[in-house]
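**Q** A predicted structure for the sequence below; I have some questions about it.
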Amino acid sequence: MILVGSGALFWRAAAHAASAGKTLDAVIHPEGEVVPAWARDLECVATTDVNELADGIDEVTSDQLVCSVGNPFIFRRPILELDLTIVNIHGGPLPQYRGLPIAAAVFAILQSEKEFGVTLHRVDAGIDTGAIIDRRMFPISDSVTLETLSLQVTEACHEMFTDNLDTLDREPRSTGALETVSSGEYFGMKKLRTIGDHRDHPNFDRATDLGVLEEFYPSYRELFDAARR
């Protein structure tokens, strides 16, 4: 298996896979990212664009499986056209909440959702539009903050990875065909930049409260601070 991604959740997944005896043919991460000391025995590959590594990925993968976790890259034609099974663990329930996990969580709180979740899905040419393999939902309280929900999502994503590690390449669930992109929305930076329009919403403060996560998401902190003024 080849793992592609970035951040604490990604390295946590790599550590679990390695400890579970899973063959990690390569661990691909953004250029400039610090590789944990324990991971230096792995085949770690830094890049600015994962698609430029298509030929190498095709050569080194032992099981034709690529899994992305916390992945900042978008897979495009060079990789999508390879004979690979590519899956992604998405920090939101699909198809309702496609896009950036933080943006999705913000608007889930603004929309007073009673539950949220994470999804394991196949990767196709769209963004978070591939067939669903597994989805886990969990309740969220009326007092949930962006900090709390983000931490819940992180833990749920890790559990999704660990629980599915041995069958990540299985066929998508049969009900996936009934769930279409039209029933959901894409939550990206364009959407998130409208957060100031919701300044008077009763859930605004909770939806923009990053708490201890502020230091990890400085760009979001700055955006939210500007929206509060």
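**A** Right, received. Where do you want to start?

**Q** going forward, measure contacts and count neighbours with C-alpha atoms only.
**A** Fine.

**Q** the helix or strand hosting His29 pairs with which strands, parallel or anti?
**A** Using DSSP states H and E, His29 sits within strand 26-30. Next to strand 26-30 in the sheet, as set by DSSP bridges, lie strand 2-5 (parallel), strand 44-47 (parallel).

**Q** distance from the first one to the middle of the chain?
**A** The gap between the average C-alpha position of strand 2-5 and the chain average comes to 12 Å, counting by C-alpha atoms, centre = their mean, to the nearest Å.

**Q** do the last one as well
**A** In terms of C-alpha atoms, centre = their mean, the centre of strand 44-47 is set 19 Å apart from its chain centre.

**Q** and it, which residues are buried?
**A** Across strand 44-47, burial judged by 16 or more other C-alpha atoms under 10 Å covers Cys44.

**Q** export that strand as PDB, just CAs?
**A** Taking C-alpha atoms only, strand 44-47 is exported to PDB below (Å, rounded to 0.1, in the frame of the first residue of the first chain):
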ATOM      1  CA  CYS A  44       9.200   8.600   2.600                       C
ATOM      2  CA  VAL A  45       8.800  10.700  -0.600                       C
ATOM      3  CA  ALA A  46       8.300  14.500  -0.500                       C
ATOM      4  CA  THR A  47       6.700  16.200  -3.400                       C
END
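
**Q** my guess is Leu82 contacts Gly56, does it?
**A** No. Under the criterion of C-alpha atoms under 8 Å, Leu82 makes no contact with Gly56, lying 11.2 Å away.

**Q** so the two - more neighbours on which side?
**A** Counted by other C-alpha atoms under 10 Å, Leu82 and Gly56 do not tie: Leu82 has more neighbours, with 14 against 10.

**Q** brilliant, that's me finished.
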